[in-house]
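S.K.: how would this look folded up:
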Amino acid sequence: MASNGPGLALMVRYHVDWPSASDPYFLYNEIENENRWEYYGVQYIGVPYLRVDGTQSINPWSSSDQQSAINSRLLVPSPCTMEVTTENLTSTTVDVTVRLTAEQDMLSSSNRLYVALKHTCYNQLGIHLHPFRDMEPSGSGLTFQIAADSTLEYSTTFTFPSSFEPNDMRIVAFAQYNGTKEVYQSAYADVVAPDINVVINEIMSNNVSYATDPQGEYENWVEIFNPGPDDVNLSGYYLTNDLADPDKWVFPDTLLSVNDYLVVWCDGDIGDAGIHTNFELDQTGGELGIFMPPGLCHSVAVDQVIFPALDADWSYGRVCDGSSMWETSVLPTAGAMNSGCSDEVENLVTLPSGSDLQLFWQPVNWAVSYTIYRHDVFPMDPATADSISTVSDTTYTDIGILSTESNAFYRVTARPY
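M.R.: Okay, the predicted model is just below:
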C-alpha cells in the first residue's frame with residue numbers, strides 16, 4: 001500500500017489455517033482473516049499470495065517483482081492524504097483517530113476505509129512479519145463518500161490482551177475502492193506514541209568551510225531542536241542514517257532544554273570530545289531518524305526526514321524551528337534559530353466591538369499557533385508573563401478590555417508547534 005511518506009510502503013499480512021491449523025495469528029481473529037482472503041479470492045492452498053495496492057498480484061518470492069510493483073504504484077497520484085494518531089494507551093486499549101482529506105471528489109459508494117491493528121514481530125511459527133490482528137469497524141470496512149477539499153474523521157478504540165507488547169504494535173489505515181480493489185492511500189501510527197517532543201531541525205551533509213567541530217575539523221552535522229513543552233534528556237534514544245537500522249547510534253546523557261538546540265557531529269569519530277556519531281552523512285542525500293529505545297521487534301520513531309543532495313556549505317532545514325516546512329539554505333544556522341523564523345505577524349489590525357477589542361492578522365505559512373501578548377506601555381518587549389492567549393486561528397477577541405484598561409498594546413507571534 002502506497003503511503004503519504006516519501007518512498008514508503010506499508011504491509012499487512014492476513015493469515016489462513018495452513019500450513020498449521022494452530023497458527024495463533026489466524027486463530028486470534030478467524031472471521032476477519034477469512035473476510036480479507038475471501039475478498040481477494042484467495043484459497044488457503046494458494047498462499048503465500050501478495051497484492052500491491054490491491055491491484056497487482058505479485059510473485060511473493062521475487063523481491064525484484066515486488067520492488068518494481070511498489071515503485072510503479074508510488075508514481076500513481078492519490079486522490080487523498082491520510083493521517084493516523086493514537087492516544088490514551090492503557091494495558092489493553094488504545095484510541096485511534098484517522099483523518100482522510102480528499103484532494104478531489106471521492107463520491108463512489110464503493111469507497112471503503114479500513115483501520116487495522118498489526119504486530120511488527122514474527123509470529124510464533126517463525127515466519128511472516130506484520131501479521132494482522134484486528135480491524136475496525138469490521139473486516140468489511142467503513143463506506144465513505146467525500147467531496148474535494150473535505151476531511152473525513154473516524155475515531156475508534158482497539159482492545160487487545162494485556163499480554164501484547166504495545167511497543168511492537170502498529171495501526172495501519174487505508175482507503176480502498178472495492179470495485180478494482182485499488183488502495184488509494186494509506187498511513188500508520190505506532191500504538192506507543194513518542195514520549196518526547198524533539199525534532200531534526202537542520203542538516204549539513206557537505207561541510208566544506210562553514211563550521212568546525214571541537215577538533216577543528218569541518219565535519220557534517222545535524223541539529224536537534226526541542227520545541228517544548230518539557231526539557232528532554234536524550235539518554236538512551238537513538239539517531240540513525242538508516243531508517244531500517246534504528247538503533248545505530250545511542251545518545252549519551254544529554255539534557256536538551258525547551259527552545260534549545262543540540263549540534264551532533266556525524267563523522268564516525270566517536271572517540272573525539274563532544275557528541276559524535278558512529279556514522280557519516282552522504283552529501284548526495286539520505287535519511288535521518290530519531291527513535292525511542294527499541295521494543296522486542298522495532299523502535300518507535302520520534303522524528304525522521306529524507307534529505308536531498310546539498311551543495312558545499314548549504315543546509316537543509318525547517319523553514320522555522322520545529323515547523324513542518326523544509327528548504328535548502330545558503331545561510332546555515334547550526335545551534336541557532338533557523339533563518340526563516342521571523343515570528344512577528346504582519347498587518348495586525350484591531351477593531352473595537354462594544355467593550356471588546358478584536359484582533360486580526362495575516363497568517364504565517366509555517367505557523368501552527370499564535371501567541372498574543374498585551375502590555376500597558378509601548379514599545380514592548382514581551383515576556384512570558386505578558387502572554388494572554390495562544391490560538392490556532394488568525395483572530396482573537398480580548399473580552400472587556402476597553403472597559404478596564406486605558407492603555408493596551410499588543411504583539412502577536414507565530415509558533416511552529
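S.K.: that's a strand at I70, yeah?
M.R.: No - counting by DSSP: H, G, I helix; E, B strand; the rest coil, I70 falls outside a strand, being helix.
S.K.: tell me how far it lies from V42.
M.R.: Distance from I70 to V42, counting by Cβ to Cβ, to the nearest Å: 20 Å. Where you see a C-beta, it was placed from the backbone N, CA and C, and this is true even at glycine.
S.K.: wait, a strand at F132?
M.R.: Yes - checked against three-state DSSP, F132 lies within a strand.
S.K.: is it correct that it is in contact with M11?
M.R.: No - assessed by Cβ atoms under 8 Å, F132 is found out of contact with M11, at 10.1 Å.
S.K.: out of these two, which sits in the more crowded spot?
M.R.: Taking F132 and M11 together and counting by other Cβ atoms under 10 Å, F132 has the greater number of neighbours (23 against 16).
S.K.: what's the per-residue pLDDT of the more buried one here?
M.R.: In this model, F132 is scored at 82, pLDDT.
S.K.: OK, contacts around it?
M.R.: Contact analysis of F132 by Cβ atoms under 8 Å, 6 or more residues apart in numbering lists 12-15, 25, 29, 32-33, 36, 116-118.
S.K.: and it, how far is that from S110?
M.R.: To S110, F132 is 22 Å away according to Cβ to Cβ.
S.K.: can you show me the strands along the stretch 51-200 of the chain?
M.R.: 56-58, 80-87, 93-102, 111-119, 132-136, 142-143, 151-159, 169-177, 182-190, 199-204 (DSSP state E, counting those that start in this stretch).
S.K.: any idea which of the ones you listed gets closest to V250?
M.R.: Using Cβ to Cβ as the measure, strand 199-204 is the one of the strands of the stretch 51-200 of the chain that comes nearest V250, at 16.2 Å.
S.K.: run the chain-centre distance for the closest one.
M.R.: Strand 199-204 has its average C-alpha position 15 Å from the chain's average C-alpha position, going by Cα atoms, centre = their mean, to the nearest Å.
S.K.: who's in contact with it?
M.R.: Contacts of strand 199-204 from elsewhere in the structure, counted by Cβ under 8 Å, 6+ apart, are 210, 220-225, 227, 261, 281, 288-290, 303-305, 307, 310, 313-318, 321-322, 332-334, 338.
S.K.: just stretch 261-271 next, same as before
M.R.: For stretch 261-271, the external contacting residues (Cβ under 8 Å, 6+ apart) are 201, 205, 213, 215, 217, 219-226, 234, 239, 241, 249, 254, 256, 272, 274-281, 334-336.
S.K.: buried among these? Need that as a selection in PyMOL.
M.R.: Buried subset of the contacts of stretch 261-271, written as a PyMOL selection, criterion 16 or more other Cβ atoms under 10 Å:
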select buried, resi 201+205+213+219+220+221+222+223+224+225+226+234+239+241+249+256+275+276+277+279+280+281+334
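S.K.: now, the contacts of stretch 261-271 that are in strands?
M.R.: Assigned to strands by DSSP state E, the following of the contacts of stretch 261-271 qualify: 201, 221-225, 239, 249, 256.
S.K.: how about N220, nearest residue that isn't a chain neighbour?
M.R.: Sequence neighbours aside, L281 is the residue nearest to N220 in space, at 4.2 Å (criterion: Cβ to Cβ, 6 or more residues apart in numbering).
S.K.: ok, now T413?
M.R.: Distances taken as Cβ to Cβ, 6+ apart place D343 nearest to T413, at 4.4 Å, with adjacent residues excluded.
S.K.: same check, this time on P308
M.R.: Closest residue in space to P308, ignoring its immediate chain neighbours: G285 at 4.9 Å, by Cβ to Cβ, 6+ apart.
S.K.: quick check: the one you found touching V305?
M.R.: No - because the distance of 10.9 Å does not satisfy Cβ under 8 Å, G285 is recorded as not touching V305.
S.K.: the two - which one has more neighbours?
M.R.: In terms of neighbours (other Cβ under 10 Å), V305 is the more surrounded of G285 and V305; the figures are 20 against 13.
S.K.: next, that one: secondary structure please.
M.R.: Look at V305: counting by three-state DSSP, its state is strand.
S.K.: from what I see, it and I290 are in contact.
M.R.: No - taking contact to mean Cβ under 8 Å, the distance of 9.6 Å between V305 and I290 leaves them out of contact.
S.K.: tell me the contacts of N197?
M.R.: With contact taken as Cβ under 8 Å, 6+ apart, N197 is in contact with 226-230, 232, 417.
S.K.: can you pull the domain assignment for the protein?
M.R.: Taking automatic domain parsing as the domain assignment, the record places the domains of the chain at 24-190, 199-329, 349-415.
S.K.: so of these, which one's packed in deepest?
M.R.: Between these, domain 199-329 has the highest mean count of neighbours, a mean of 18, where neighbours are mean count of other Cβ atoms under 10 Å.
S.K.: and that one, average pLDDT?
M.R.: According to the model, domain 199-329 has a mean pLDDT of 92.
S.K.: swap in stretch 154-168?
M.R.: Averaging the model's pLDDT scores along stretch 154-168 yields 87.
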